[in-house]
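Enquirer: 3D, please:
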Amino acid sequence: MAPMPAQAARCGLQADGTYSCSMVATTQSYKYNLAGSCTGGNTTRPVMYQVPEGTPPEGGWPVVFFYHGLNPAAPPPPDGPTTFAPPDASSDLRHLTASIHELLDDPNNTGKKYAVVLPKAALQLLVLRFWDTNLPTGYNVSSDKCFFPALWSSIEGGGYGAGSQYNMDRRYAYGMSSGGYNTSRMAVSWNGDKVWKALAIHSASYAHCSGPLCSVPATMPADHPPTKFYHASGDPVNPISAMYAYYDKLVAQGYVAEVKVNNEGHNLTADIVGPGGVKAWFDQY
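Expert: Predicted coordinates for the structure are as follows:
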């Protein structure tokens, strides 16, 4: 039997066993939120993105958004082609780049590939980046409330290459810690048009929760997407009990949800990759 032809890939395996991915860095502009209205002055955030090699399917590539956890405010890469890679083989980012490899390159030949978008949260207190989803001031007056519509509109309008290569009616999200809460936010505030098809929440809970301070509403949002939770049994930052409060409400109200428990701490884990990982979860929906 003739060997299968080599598949072009966006991510490559490095000597240390981690994946390094070819991405594009850009800057997304949006308006400041003034008392609940996106009418303030212009501001920007960094975004990285990539689409799979090859011709998009009819309707465009489905789009996966990854939302990072709390990050120090490191300088973003300059706009243009860039390489996204873990700093070393022990970094949690090795699991993220491995999951991006699965999404972009489909190494197991499932026939499903995804465009991937990695936006950054707003700069907070000049030194940190984290998402606004659980700020006590309220989401409607947050920076994120103005950023996301601008990002999605720009993707559809050609700001990230041809808009036709993206299927923005098929969106997926996964995130860790602060990014996990922000992943839930997609169901809570941004799914009125049912474009979010599945979510994966790592080390977090419901959108407005914060660590052990977590009161999950009695009624889940309408059309809540299927959601898979990844959580450590002994997470010292966001306790697993808060995650189960969310999961239990989803199941009780007939929504699709799964849990994958690990024995690590508050860190991105290897179980987001492989047969039980985020791509395998998204592929179902």
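Enquirer: please make it C-alpha for all contacts and neighbour counts, starting now.
Expert: OK.
Enquirer: so the one residue sitting closest to the centre of the chain, which of the three states?
Expert: Among the residues of the chain, residue 66 comes closest to the average C-alpha position under C-alpha atoms, centre = their mean, at 2.0 Å. In three-state terms, and counting by DSSP: H, G, I helix; E, B strand; the rest coil, residue 66 is strand.
Enquirer: name all residues that make contact with it.
Expert: Neighbouring residues of residue 66 by C-alpha atoms under 8 Å, 6 or more residues apart in numbering: 116, 117, 118, 119, 173, 174, 175, 179.
Enquirer: give me every residue that touches the third one.
Expert: Contacts were defined as C-alpha under 8 Å, 6+ apart; by that measure residue 118 touches 47, 48, 49, 65, 66, 67, 68.
Enquirer: per-residue pLDDT, the residue nearest to the centre of the chain?
Expert: pLDDT, residue 66: 98.
Enquirer: then the one 4 residues further on?
Expert: According to the per-residue confidence, residue 70 scores 94 in pLDDT.
Enquirer: swap in residue 7?
Expert: If you check residue 7, the pLDDT there is 64.
Enquirer: buried residues, the longest strand seen in the chain. List them.
Expert: Secondary structure of the chain per DSSP state E: the longest strand is strand 19-31. Using 16 or more other C-alpha atoms under 10 Å as the test for burial, strand 19-31 gives 19, 20, 21, 22, 23, 24, 25, 26, 27, 28, 30, 31.
Enquirer: now these in JSON lines, with pLDDT?
Expert: What follows is the buried residues of strand 19-31, written out as JSON lines (pLDDT from 0 to 100):
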{"residue": "19", "pLDDT": "98"}
{"residue": "20", "pLDDT": "98"}
{"residue": "21", "pLDDT": "98"}
{"residue": "22", "pLDDT": "98"}
{"residue": "23", "pLDDT": "98"}
{"residue": "24", "pLDDT": "98"}
{"residue": "25", "pLDDT": "98"}
{"residue": "26", "pLDDT": "98"}
{"residue": "27", "pLDDT": "97"}
{"residue": "28", "pLDDT": "98"}
{"residue": "30", "pLDDT": "98"}
{"residue": "31", "pLDDT": "97"}
